[in-house]
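**Student:** Using only what follows, build the 3D model:
(one chain, ligands or ions: 1)
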Amino acid sequence: MSLVRPESRAYRGRIAPSPSGRLHLGHAATFLTAAARVAVAKGTLIYRDDDLDRDRCRPEFLQAALDDLHWLGLQWHEGPDLGGPNAPYSQSARIDPYKEAFETLRRLGLIYPCHCTRSEVARALSAPHPLDEEPIYPGTCRPPDPATFKTPRSGVNWRFRIPVRETLTFNDLAQGKQSAVAREDFGDFLIWRRDDFPSYQLASAVDDALMGITEVVRGRDLITSTFRQLLIWRALEHPEPAFYHCPLLTDASGKRLAKRDDALSIHTLRGLGRTASELIGEVEKNLLQKQAAD
Ligand code: GLU
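**Tutor:** The predicted structure follows:
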């Protein structure tokens, strides 16, 4: 572990949109919060382009996101459009450090090849887990003890062997102490995919480490991912950042905003003649209501 405590380093934050659709007001809320926290700390904001999901990500959505966020008045210091000392900022162009981290985890005996198909995992479940969307892996391919597998990296899924029943905790700067029990709240999770791409968990943890991020601001839907990423940081001996998980905005019927409903996309609202300051005001009001309800 490094002796440098996160609070003694200059603040570095990030926003990490996936270019898989138009951004909506929920994204705006999270990214405006991230930018405000950077501004208060007089820190640096990085725009990271989370474009690893090849089936859903498209370059035109990156362009649209950059454009919508600039229109909102958001400014970042490093990113795919600006460059910077941590370039490239698109994850699809950063595969080497992920491979290196994969090999470290392999050497440590912390990951194993998994031959189960998605439907086999789904069939083994009694009910989807309420905490998050990823099903808890039933452990079919999990070795009884940590083990180093020589299997080639590609062509098979690789999972992280979590410390079963260990309670993991972190202090969320928005919501206080958070805890989860490994195997009860989340299972052995994907590290590398059979199509030879890293998982979101690995790529995000590696980039936040390499880009020197001191505070991760993102939506509350990713709290369970934070526990997974804590395990990756611990294994890679990297000090963990601080966390601030933003409330998720809902529509008038109380449903969480999603990229698939275009109604509240920044693009649509812009087209209707709404101004950036109106939208920011709306987002702020909605966030304050959520915070008061906590
Ligand atoms: N790329 C993710 C998203 O668009 C965010 C990931 C993160 O902030 O770690 O929801």
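
**Student:** For the rest of this, base every contact and every neighbour count on C-alpha atoms.
**Tutor:** Will do.

**Student:** Quick one: residues in contact with the helix or strand V121 falls within.
**Tutor:** Per DSSP states H and E, V121 falls inside helix 118-123. With Cα atoms under 8 Å, 6 or more residues apart in numbering as the test, helix 118-123 has contacts from 135, 137-138.

**Student:** Now the residues you listed in CSV, please, with extra columns for secondary structure, pLDDT and distance to the ligand.
**Tutor:** Below are the contacts of helix 118-123 laid out as CSV (DSSP: H, G, I helix; E, B strand; the rest coil; pLDDT from 0 to 100; distance: Cα to the nearest ligand atom, whole Å):
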residue, secondary structure, pLDDT, distance to the ligand
P135, coil, 84, 18
Y137, coil, 93, 21
P138, coil, 91, 25
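
**Student:** List the buried residues in stretch 269-288.
**Tutor:** For stretch 269-288, burial by neighbour count (16 or more other Cα atoms under 10 Å) applies to 269-270, 276, 279-280, 283-284, 286-287.

**Student:** in the helix holding V121, what's buried?
**Tutor:** In helix 118-123, counting by 16+ other Cα under 10 Å, buried: A122.

**Student:** What separation is there between A122 and L230?
**Tutor:** To L230, A122 is 25 Å away according to Cα to Cα, to the nearest Å.

**Student:** repeat for Q63
**Tutor:** Distance from Q63 to L230, by Cα to Cα: 31 Å.

**Student:** When the two are compared, which one has more neighbours?
**Tutor:** L230 (20 against 13; other Cα atoms under 10 Å).

**Student:** for stretch 98-105, the distance to its chain's centre please.
**Tutor:** For stretch 98-105, the distance from its own C-alpha centre to the chain's C-alpha centre is 18 Å (Cα atoms, centre = their mean, to the nearest Å).

**Student:** Where do the helices of the stretch 101-250 of the chain begin and end?
**Tutor:** In the stretch 101-250 of the chain, the helices defined using DSSP state H, counting those that start in this stretch lie at 118-123, 200-210, 223-235.

**Student:** Could you check these and tell me which one is nearest the ligand?
**Tutor:** The ligand sits nearest to helix 200-210 of all these, at 5.8 Å, using Cα to the nearest ligand atom.

**Student:** Which secondary structure elements does the closest one sit against?
**Tutor:** helix 95-107, strand 190-192, helix 223-235 (3 or more Cα pairs under 8 Å, 6 or more residues apart in numbering; DSSP states H and E).

**Student:** contact partners of the first one?
**Tutor:** Taking contacts as Cα under 8 Å, 6+ apart, the residues outside helix 95-107 that touch it are 111-112, 148-149, 191-192, 197-198, 202-203, 206, 235-236.

**Student:** Just put those residues in TSV and tack on pLDDT.
**Tutor:** Converted to TSV, the contacts of helix 95-107 look like this (pLDDT from 0 to 100):
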residue	pLDDT
I111	98
Y112	98
T148	97
F149	98
I191	97
W192	97
F197	95
P198	96
L202	97
A203	97
V206	98
A235	98
L236	97
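
**Student:** Pretty sure A242 sits against K177.
**Tutor:** No. A242 is beyond contact range of K177, at 11.9 Å (criterion: Cα atoms under 8 Å).
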